[in-house]
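Peer 1: just need the structure, nothing else, for what follows:
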Amino acid sequence: MKVGSRDGGIFGLCDVYFEMIEVSKQGALHFYYLIWITGNVDIRKLQEYIISNDEFIVSVIKYIEDLMKQSLTAVDEVDVARPPLLE
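Peer 2: Sure thing, here's the model as predicted:
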(Lines give C-alpha, C1' and ligand atoms only; values in the text may rest on other atoms or scores of the structure.)
Protein backbone atom coordinates (compact mmCIF):
# COMPACT_ATOMS: atom_id res chain seq x y z
CA MET A 1 0.00 0.00 0.00
CA LYS A 2 1.32 3.38 -0.90
CA VAL A 3 -0.46 6.10 1.08
CA GLY A 4 -0.01 9.44 -0.65
CA SER A 5 1.70 7.87 -3.69
CA ARG A 6 0.68 9.11 -7.13
CA ASP A 7 0.96 5.55 -8.45
CA GLY A 8 -1.37 3.99 -5.91
CA GLY A 9 -1.33 0.29 -5.17
CA ILE A 10 -3.48 -2.73 -5.98
CA PHE A 11 -6.56 -0.95 -4.59
CA GLY A 12 -5.86 2.34 -6.32
CA LEU A 13 -4.99 5.53 -4.50
CA CYS A 14 -5.29 5.17 -0.73
CA ASP A 15 -6.01 8.06 1.65
CA VAL A 16 -5.71 6.16 4.92
CA TYR A 17 -5.36 2.61 6.17
CA PHE A 18 -5.47 0.84 9.51
CA GLU A 19 -3.95 -2.54 10.16
CA MET A 20 -3.94 -4.88 13.12
CA ILE A 21 -1.97 -8.09 13.53
CA GLU A 22 -3.17 -10.75 15.93
CA VAL A 23 -1.44 -13.96 17.02
CA SER A 24 -3.54 -16.97 18.03
CA LYS A 25 -2.57 -19.35 20.84
CA GLN A 26 -1.31 -21.75 18.15
CA GLY A 27 0.96 -19.05 16.75
CA ALA A 28 -1.03 -18.33 13.57
CA LEU A 29 -0.95 -14.71 12.43
CA HIS A 30 -4.22 -12.94 11.52
CA PHE A 31 -4.12 -9.65 9.65
CA TYR A 32 -6.96 -7.14 9.62
CA TYR A 33 -7.02 -4.12 7.32
CA LEU A 34 -9.35 -1.18 6.83
CA ILE A 35 -8.51 0.75 3.67
CA TRP A 36 -10.05 4.11 2.76
CA ILE A 37 -9.71 4.59 -0.99
CA THR A 38 -9.18 8.09 -2.42
CA GLY A 39 -12.41 9.56 -3.74
CA ASN A 40 -14.60 7.40 -1.51
CA VAL A 41 -17.52 8.90 0.40
CA ASP A 42 -16.51 11.14 3.29
CA ILE A 43 -16.90 9.19 6.54
CA ARG A 44 -19.18 11.87 8.07
CA LYS A 45 -21.49 11.81 5.04
CA LEU A 46 -21.58 8.01 5.18
CA GLN A 47 -22.48 8.14 8.88
CA GLU A 48 -25.31 10.62 8.21
CA TYR A 49 -26.61 8.43 5.37
CA ILE A 50 -26.56 5.31 7.55
CA ILE A 51 -28.48 7.09 10.32
CA SER A 52 -31.12 8.51 7.96
CA ASN A 53 -31.76 5.54 5.65
CA ASP A 54 -33.27 2.40 7.22
CA GLU A 55 -33.21 0.49 3.92
CA PHE A 56 -29.47 1.10 3.61
CA ILE A 57 -28.90 -0.12 7.17
CA VAL A 58 -30.75 -3.38 6.41
CA SER A 59 -28.71 -3.93 3.23
CA VAL A 60 -25.42 -3.33 5.07
CA ILE A 61 -26.36 -5.78 7.84
CA LYS A 62 -27.36 -8.42 5.27
CA TYR A 63 -24.08 -7.88 3.39
CA ILE A 64 -22.04 -8.28 6.60
CA GLU A 65 -23.98 -11.38 7.64
CA ASP A 66 -23.38 -12.93 4.20
CA LEU A 67 -19.63 -12.26 4.48
CA MET A 68 -18.99 -13.37 8.04
CA LYS A 69 -19.15 -17.08 8.73
CA GLN A 70 -18.39 -18.91 11.92
CA SER A 71 -19.37 -22.40 12.87
CA LEU A 72 -19.22 -25.01 15.54
CA THR A 73 -20.66 -28.15 13.97
CA ALA A 74 -22.52 -29.23 17.12
CA VAL A 75 -24.09 -25.77 17.55
CA ASP A 76 -24.96 -25.33 13.86
CA GLU A 77 -26.89 -28.61 13.73
CA VAL A 78 -28.98 -27.68 16.77
CA ASP A 79 -29.58 -24.00 15.91
CA VAL A 80 -30.50 -24.34 12.21
CA ALA A 81 -33.96 -22.81 12.71
CA ARG A 82 -32.74 -19.89 14.84
CA PRO A 83 -33.26 -16.46 13.19
CA PRO A 84 -30.22 -14.25 12.46
CA LEU A 85 -28.92 -12.20 15.38
CA LEU A 86 -28.96 -8.94 13.39
CA GLU A 87 -32.19 -7.88 11.74
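Peer 1: count of neighbours near the residue nearest to Gly39 when sequence neighbours are not counted?
Peer 2: Among residues not flanking Gly39 along the chain, Leu13 sits closest, at 7.4 Å (Cβ to Cβ, 6 or more residues apart in numbering). Heads up, the C-betas are built off the backbone N, CA and C, glycines and all. For Leu13, the neighbour count with other Cβ atoms under 10 Å is 15.
Peer 1: oh, and call the first residue 34 from now on, that's how I've got it
Peer 2: Okay, residue one is now 34; in that scheme the one you just asked about reads as Leu46.
Peer 1: distance of Leu46 from Glu55?
Peer 2: 28 Å (Cβ to Cβ, to the nearest Å).
Peer 1: and the strands in the chain, which stretches?
Peer 2: In the chain, the strands defined using DSSP state E lie at 47-56, 62-70.
Peer 1: can you redo the ones you listed as TSV with mean neighbour count?
Peer 2: Putting the strands of the chain into TSV (neighbours: other Cβ atoms under 10 Å) gives the following:
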stretch	mean neighbour count
strand 47-56	11
strand 62-70	11
